[in-house]
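Asks: return a 3D structure for these sequence lines:
(one chain, ligands or ions: 1)
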Amino acid sequence: MTYSLAIIGGGPAGAAAAVYAARKRLHSIFITKDWLGQSYVSEGIENWIGTPKISGLDLSKSLETHAKEYAKGIIDFKEGELAARIEKSGDVFKITSTKGSYEARAILITSGSSRRKLDIPGAAEYENKGIIYCATCDGPLYADQDVAVIGGGNAGFESAAQLMAYCKSVTLLSRSEYKADPGTVEAVSKNPKVKLVQFAAPKEIKGDTFVRSLVYTDTKTKKDIELPVTGIFVEIGSFPNTDFVKGLVDLDQYNRIKVDAHNQRATIIGGGHGIWAAGDVTDGLFHQNNIAAGDAVKAVEDIYLWLHAK
Ligand SMILES: Cc1cc2nc3c(=O)[nH]c(=O)nc-3n(C[C@H](O)[C@H](O)[C@H](O)COP(=O)(O)OP(=O)(O)OC[C@H]3O[C@@H](n4cnc5c(N)ncnc54)[C@H](O)[C@@H]3O)c2cc1C
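Replies: The predicted structure follows:
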């Protein structure tokens with residue numbers, strides 16, 4: 001069977017695409033690892049338009065519910081499944097996933113991005129044993145303990161702001177100048193529990209069953225410093241989930257899919273049309289929930305016209 005459309009990814013972009021595809025009766029396959037858009041870890045999202053405040057988890061649940069509401073008999077959902085490769089084969093695309101293979105005439109990629117992991121000795125060994133990628137989710141487990149946050153961007157400072165409410169001390173390490181908003185830096189730095197360390201390159205994580213310390217290098221003095229901490233919260237950015245389309249569509253220097261901002265079309269290497277992308281996976285200038293959803297709507301509108309003009 002050849003589907004009209006394949007949607008890859010169940011964040012806000014994918015959910016918005018499902019709603020529009022269902023209402024347009026586009027027979028689609030929807031492949032997603034999960035329904036957890038990146039902001040699911042957020043305690044309170046205050047800028048999802050039409051909803052003054054919602055937790056990230058509740059937003060994810062409502063997106064899933066909405067995506068499925070009008071989809072019966074129109075969209076086949078494949079959950080817990082990852083797109084592993086997409087190839088062009090004549091007029092259709094072949095999608096190989098971790099569980100099967102499918103064909104579709106058009107593809108909309110909404111696979112977003114994933115958190116960058118720490119790559120130093122001990123990092124893999126102590127993941128979930130003191131190395132954490134979500135302060136909101138796991139921070140309370142470290143109440144009254146000494147913890148470190150790695151990352152000098154907004155995410156790092158926001159994590160520190162959450163942790164300082166209940167941790168004994170929070171040391172925030174940044175490799176370079178802070179990239180966070182000056183207002184956030186100022187607010188966090190005023191808290192006596194927080195220590196800010198700049199020009200600190202993480203070197204090694206030590207422990208027994210759980211993390212006991214973090215070794216970092218002061219890049220100015222070249223000295224190694226061992227910081228006794230039981231929790232290390234990593235906030236060092238993210239990367240787009242585009243491995244499965246490498247060589248198929250044009251990517252930018254950060255491996256994000258280049259799109260035409262008018263209609264979200266991607267450029268297929270070797271020519272032809274049929275692939276769109278929306279949300280954080282693209283080279284769009286701004287990445288937000290509302291933008292991801294809006295871009296996906298734009299894409300489905302264009303996909304519908306393109307399929308019916310064929
Ligand atoms: C901590 C945090 C807080 C945030 N807070 C806000 C906020 O308050 N307001 C705001 O507007 N934005 C916020 N953002 C940004 C916002 O979360 C993103 O812009 C938005 O989630 C992007 O949506 P998306 O659909 O493009 O991708 P994502 O949300 O990344 O969703 C991608 C989906 O694709 C799936 N997937 C990935 N790879 C594959 C694959 N190969 N095959 C199948 N499925 C795949 C994933 O499992 C996921 O379901 C926040 C981000 C973070 C990290």
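
Asks: from the middle of its chain, how far away would stretch 96-115 be?
Replies: Distance of stretch 96-115 from its chain centroid, counting by C-alpha atoms, centre = their mean, to the nearest Å, is 16 Å.

Asks: could I get the buried residue list for that stretch?
Replies: By 16 or more other C-beta atoms under 10 Å, the buried positions in stretch 96-115 come out as 97, 102, 104-113. Where C-beta positions appear, they are placed from N, C-alpha and C, glycine not excepted.

Asks: interface residues of this structure facing the ligand?
Replies: For the chain, the residues in contact with the ligand (C-beta under 6 Å from any ligand atom) are 8-14, 31-39, 41-42, 45, 47, 82-83, 110-113, 241, 244, 279-281, 287-290, 292.

Asks: out of the residues you listed, which end up buried?
Replies: Those of these that meet the buried threshold are 8-14, 31-33, 35-39, 41-42, 45, 82-83, 110-113, 241, 244, 279-281, 287, 289, 292, by 16+ other C-beta under 10 Å.

Asks: so which of those are in helices?
Replies: Among these, the members falling in helices (DSSP state H) are 12-14, 289, 292.

Asks: farthest pair in those?
Replies: The largest distance within those, taken as C-beta to C-beta, falls between 14 and 289 and amounts to 12.0 Å.

Asks: centroid residue for the protein?
Replies: What sits nearest the mean C-alpha location of the chain, by C-alpha atoms, centre = their mean, is residue 113, with 3.4 Å.

Asks: tell me how far that residue lies from residue 93.
Replies: Distance, residue 113 to residue 93, by C-beta to C-beta, to the nearest Å: 22 Å.

Asks: and if you look at residue 82?
Replies: Residue 82 sits 16 Å away from residue 93, going by C-beta to C-beta.

Asks: closest one of the buried residues of stretch 96-115 to the ligand?
Replies: residue 112 (1.9 Å; C-beta to the nearest ligand atom).

Asks: my guess is the closest one meets residue 278, correct?
Replies: No - the criterion here is C-beta atoms under 8 Å, and residue 112 misses it with residue 278 at 9.7 Å.

Asks: quick one: mean pLDDT for stretch 70-83?
Replies: Computed over stretch 70-83, the mean pLDDT rounds to 98.

Asks: list the buried ones in it?
Replies: Residues of stretch 70-83 classed as buried: 70-71, 74-75, 77-78, 81-83 (neighbour count, 16+ other C-beta under 10 Å).

Asks: just flag the most distant two among the residues you listed.
Replies: That would be 70 and 82, which, of the buried residues of stretch 70-83, are the farthest apart (C-beta to C-beta) at 25.3 Å.

Asks: now do the strands in the stretch 1-150 of the chain.
Replies: 2-8, 28-32, 75-79, 83-89, 92-97, 101-109, 113-115, 131-132, 146-150 (DSSP state E, counting those that start in this stretch).

Asks: for residue 22, find the nearest of the ones you listed.
Replies: Nearest to residue 22, of those and by C-beta to C-beta, is strand 75-79 at 5.7 Å.

Asks: distance check, residue 219 against residue 197.
Replies: In this structure, residue 219 and residue 197 are 11 Å apart, going by C-beta to C-beta.

Asks: ok, now which ones touch the residue of the stretch 201-310 of the chain found nearest the ligand?
Replies: Scanning the stretch 201-310 of the chain for the residue nearest the ligand gives residue 279, at 2.1 Å (criterion: C-beta to the nearest ligand atom). Residues near residue 279 by C-beta atoms under 8 Å, 6 or more residues apart in numbering: 9, 11-14, 110, 112, 287, 291-293, 295-296.

Asks: check residue 103 too.
Replies: 1-3, 89, 92-95.

Asks: filter the residues you listed down to just the buried residues.
Replies: Burial by neighbour count, judged by 16+ other C-beta under 10 Å, picks out 3, 92-93, 95 from the contacts of residue 103.

Asks: from the residues you listed, which is closest to the ligand?
Replies: Taking C-beta to the nearest ligand atom as the measure, the ligand lies nearest residue 95 of those, at 9.4 Å.
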